[in-house]
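Novice: let me see the structure of the following:
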Amino acid sequence: MAEGIHAAIVREVSSWAGVTTGRHRFGGTEFRIGRRELGHLHGNRLADLPFPLLVRDELVAAGRAEPHHIHPESGWVSRFIRDGSDVADVIELFRLNYNRPWAQPARSP
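Specialist: Now for the predicted structure:
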């Protein structure tokens, strides 16, 4: 991929209405909408995102993510990024959290 993995994800997710980026407290790039964290990236290799436990369980069962690499009992998921072919899947996880269909009407980007 001509653009780096991290840069491609940051470019897309930060283009959505209301999304801000910043340094995550444990390193990496954090994405927020208002006070709510959508998730964060650790370089080009890992994305961590918070979800309700039921949504987390569905994502893990479908193979879209794994339980969080440090806090597996939480609602957080980890999505390891092998190469550029995983970028669209990671962006879709951020989109799912951005739209929050379980909590409010969907937003348009």
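Novice: which of the residues in the lengthiest helix in the chain are buried?
Specialist: In the chain, assigned by DSSP state H, the helix with the most residues is helix 87-99. Within helix 87-99, the residues that qualify as buried are 87, 90, 91, 93, 94, 95, 96, 97, 98, 99, counting by 16 or more other Cβ atoms under 10 Å. For every residue, glycine as well, the C-beta is placed using N, CA and C.
Novice: include distance to residue 77 and pLDDT when you put these into JSON lines, please.
Specialist: Conversion of the buried residues of helix 87-99 to JSON lines gives the following (distance: Cβ to Cβ, whole Å; pLDDT from 0 to 100):
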{"residue": "87", "distance to residue 77": "17", "pLDDT": "96"}
{"residue": "90", "distance to residue 77": "11", "pLDDT": "97"}
{"residue": "91", "distance to residue 77": "14", "pLDDT": "98"}
{"residue": "93", "distance to residue 77": "7", "pLDDT": "97"}
{"residue": "94", "distance to residue 77": "11", "pLDDT": "97"}
{"residue": "95", "distance to residue 77": "14", "pLDDT": "96"}
{"residue": "96", "distance to residue 77": "10", "pLDDT": "95"}
{"residue": "97", "distance to residue 77": "10", "pLDDT": "94"}
{"residue": "98", "distance to residue 77": "15", "pLDDT": "94"}
{"residue": "99", "distance to residue 77": "16", "pLDDT": "92"}
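Novice: if we take those, which one ends up nearest to residue 38?
Specialist: Nearest to residue 38 out of these is residue 97 (Cβ to Cβ; 4.9 Å).
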